[in-house]
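1. here are the coordinates; sequence isn't available:
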């Protein structure tokens, strides 16, 4: 019996391969297991090969294994592409309508996948058949499979629901090629808790809703679209609006308009969209409008590789935009942290009245995984120094100053509709009342006000560290942290490792304290120019100790690559 | 208190003496007063250029954004709080060069806002450069041999983009302009008012005199029906866009209400708390 097992389901793109993988993780999560999936697909919508790798484990897992136990092939390409990744005792299950030659590489079992779907349902139900066969091989309780599919197809109409249920039952009674020798039962899970399975983008959308966000303007882009799709579904029920607009420039400007008018607002995009939004983000900084921007990074520059993973927007987000303006950048490293951080993003945006950017990456945004319960009690909506109409009444008529210089640089904010709070907002340098000015001393005062207001954040810790007593520290942000964590757990060499939760302002004091303890700090990142390493060097030094370890071929690090780097054995 | 005073913040405009924009600013103030819009419920948003300064002279909430992007900002404001009266203003460069995309899509979206273009057919703030609405042959610092690109036609363009209210006027026709602004603000949907506004410093061709000689009032034609799309298109073609008055109005207001499918309460007043039961229901979907 195995504690951990990995499966690749592959077929032709557009056949529902990715959702099949997610269903399988959800079914196993209902039994108390943890799962994580990694999508592999090309830009083409139909025609190419699509594959989903999933790793199932009895413990929390954040990255898929490198080696696979089972290949389930709905097309021939899947076998050719992935058979080299099989473990020694691995096997290939394939649809018996494929003309596959016997291969000495491994056990090969043919299954009537399309046949079963056709026999009692329709050919598109073959992913249901595939899941049924895997369930049988893993010896999953048939009631769990049936209950899941019943719920899954409840709103799809009787014909689809009944068809899928029949296909599932057909596979569950099939015996011919599935004998006991090929079955791979799993060790029972530690606790039988039913946990949700979500992708980072869904959690970001849900977190935004919980944080009181009620407006989103966005332009579709891989790998960020799921955020607008999910909020488009959720918002109507809770009085919010998601709108698809003409481009990313409209998206950021509309989001700023709504933010200025007092609604918690966001947009989400990827690298190309960030490039287009940069002027707008600067405007939010200049006009002190709270706004949240999510960047789900992919391979750049330009169109790059839209469906491949990279972490190369750090420079543009950290340094980008003309002129000096404040912005805050959060970097969650797990799906659960996406929830926490998107809520934090909205609170920080209103507290500091500036743009807040949450950086994700393709793997974090799109990989489904079993997550720990999201904590409702941590949801907090703090609207910062949003002024009340009663307070405005106490100010002499015409004397309200929207950009009042205060000790902490944060000015009480009125929103349109409030009596006594009328003011002008301009992206031109302005006075406390918001009127354009060319006065040199006011210019300096205003720059100081805007940039120094976020300084207290430097003191926040915003670092997560796991200590094992090594003299080298390994750091990674975003989804790379999950792979690093798996690698350290599997490696014979246990090292100290961690992640940064806030990139801007960088937690300078905390980093100084930590770095002093190490001989070397290795930063793992998915880009060519060591962007994260460079930003840390720029802000706090340690040029001799800091070393970047990069990968930029469009895929994330594998567990094996990291184990090799840290000098351990698997 | 007279209406100009009520909606003015007493800042002296930095426009050149004789600029057509003074008349448009006054027009907005008089129209707002006529409609008795409470100052705090009025938001004037403007772009960049001489025209962009307009919002900074209003005694109302006002937003002076970046070049070409004021329509998205104005729509964001309206989405957030549909109880506000939102007027966007900008120049011909704002609306028909850098921001053309937003202009057309804002028309398609048909949110209940009013968009006033202060059209002087030249870039004044950069001190005299050609505009997408300048005529062929128009000499500027950037087109010393005369502009060669064919000018866009704001009227025909907006009708094809599905605009539901199109009016044109001229800084010299205060009464007509104010009347159209009132109608535009009252229109339940996107209203576009293109106002010819002479630049006395950098446009020596399209002067007050020139507009007076060349503009035709659509109401001179007794049979003119501004609800007739084909007639509107015809009039714009016949006059090469040089006509004033209410050119087209589609009074079917169904479209706008669809954007607010769930609630008549403005977004800004929505309850931000979601109960634990609702939260758990959402989470259950992912199990």
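-> Yep, that arrived. Predicted model only: the values in this text are computed from it and were never measured.
2. can you count the residues close to the residue in chain B positioned nearest to chain A?
-> Taking C-beta to the nearest C-beta as the measure, the point where chain B comes nearest chain A is residue B:76, at 2.3 Å. The C-beta positions use only the backbone N, C-alpha and C, and glycine is treated the same way. The burial metric for residue B:76, expressed as a neighbour count using other C-beta atoms under 10 Å in any protein chain shown, is 33.
3. which non-adjacent residue is nearest it?
-> Counting by C-beta to C-beta, 6 or more residues apart in numbering or on different chains, the nearest residue to residue B:76 once its immediate chain neighbours are dropped is residue A:257, at 2.3 Å.
4. What about the residue nearest to residue B:186 when sequence neighbours are not counted, how many residues nearby?
-> Computed as C-beta to C-beta, 6+ apart, the closest residue to residue B:186 that is not its neighbour in sequence is residue B:35, at 7.3 Å. Look at residue B:35: counted by other C-beta under 10 Å, it has 13 neighbours.
5. on contacts alone, who are the packing partners of the helix or strand hosting the residue of chain B closest to chain A?
-> Secondary structure here is read from DSSP states H and E; on that basis residue B:76 sits in helix B:70-80. Using 3 or more C-beta pairs under 8 Å, 6 or more residues apart in numbering or on different chains; DSSP states H and E as the contact test, the elements touching helix B:70-80 are strand A:213-218, helix A:248-260, strand B:42-46, strand B:61-64, strand B:85-91, helix B:100-109.
6. rerun that using 7 Å as the cut-off
-> Counting contacts by 3 or more C-beta pairs under 7 Å, 6 or more residues apart in numbering or on different chains; DSSP states H and E, helix B:70-80 is packed against strand A:213-218, helix A:248-260, strand B:42-46, strand B:85-91, helix B:100-109.
7. Contacts for the longest one, please.
-> Counting by C-beta atoms under 7 Å, 6 or more residues apart in numbering or on different chains, helix A:248-260 makes contact with A:215, A:217-219, A:245, A:265-267, A:269, A:273, A:276-277, A:280-281, A:283-284, A:289-291, A:425, B:63, B:65, B:69, B:72-77, B:79-80, B:102, B:105, all of which sit outside it.
8. Stretch A:105-118 too?
-> Outside of stretch A:105-118, the residues that reach it under the criterion C-beta under 7 Å, 6+ apart are A:74, A:83, A:86, A:90-97, A:102, A:123, A:125-126, A:128-130, A:133, A:167, A:170-171, A:174, A:177, A:182.
9. that older thread, reformat the helices and strands packed on helix B:70-80 as CSV; add mean neighbour count, distance to residue B:12 and mean pLDDT.
-> Supplementary listing: these in CSV, determined by neighbours: other C-beta atoms under 10 Å in any protein chain shown; distance: least, C-beta to C-beta, whole Å; pLDDT from 0 to 100:
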stretch, mean neighbour count, distance to residue B:12, mean pLDDT
strand A:213-218, 28, 36, 98
helix A:248-260, 30, 26, 98
strand B:42-46, 29, 17, 98
strand B:85-91, 30, 18, 98
helix B:100-109, 21, 30, 97
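10. Any residues of the stretch 301-450 of chain A in contact with chain B? List them.
-> Those residues of the stretch 301-450 of chain A that sit near chain B, judged by C-beta under 7 Å from any C-beta of the partner chain, are A:374, A:376, A:381, A:416-419, A:422, A:424-428, A:435-436.
11. Is it correct that residue A:165 is in contact with residue A:149?
-> Yes - shown here, residue A:165 and residue A:149 form a contact pair, counting by C-beta atoms under 7 Å, at 6.1 Å.
12. Which of those two has more residues huddled nearby?
-> Between residue A:165 and residue A:149, counted using other C-beta under 10 Å, residue A:149 has the larger neighbour count: 21 against 18.
13. buried set for the host helix or strand of that one?
-> Using DSSP H and E, the secondary-structure element containing residue A:149 is helix A:142-152. Residues of helix A:142-152 classed as buried by neighbour count (16 or more other C-beta atoms under 10 Å in any protein chain shown): A:142, A:145-146, A:148-149, A:152.
14. low pLDDT regions in chain B?
-> Across chain B, the ranges flagged by pLDDT under 70 are B:1, B:253-263.
15. so where do the helices sit in it?
-> B:3-6, B:21-34, B:70-80, B:92-93, B:100-109, B:154-160, B:174-186, B:208-214, B:229-238, B:254-257, B:276-284 (DSSP state H).
16. near chain B, which of the contacts of stretch A:105-118 show up?
-> Filtering the contacts of stretch A:105-118 for proximity to chain B by C-beta under 7 Å from any C-beta leaves nothing.
17. Please produce a ChimeraX select command covering the buried subset of these.
-> Here the buried members of the contacts of stretch A:105-118 are turned into a ChimeraX selection, burial being counted by 16+ other C-beta under 10 Å:
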select /A:74,83,86,90,91,92,93,94,95,125,126,128,129,130,133,167,170,171,174
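18. So which of the residues of the stretch 301-450 of chain A next to chain B are in strands?
-> Where those overlap with strands, as defined by DSSP state E, the overlap consists of A:424-426.
19. quick check, nearest of those to chain B?
-> Taking C-beta to the nearest C-beta as the measure, chain B sits nearest to residue A:426 out of those, at 3.8 Å.
20. Mind listing the residues bridging to the nearest residue to that closest one once chain neighbours are set aside?
-> Counting by C-beta to C-beta, 6+ apart, residue B:64 is the residue found nearest to residue A:426 once chain neighbours are left out, at 3.8 Å. Here residue B:64 sits in beta bridges with residue A:426, residue B:46, as judged by DSSP bridges.
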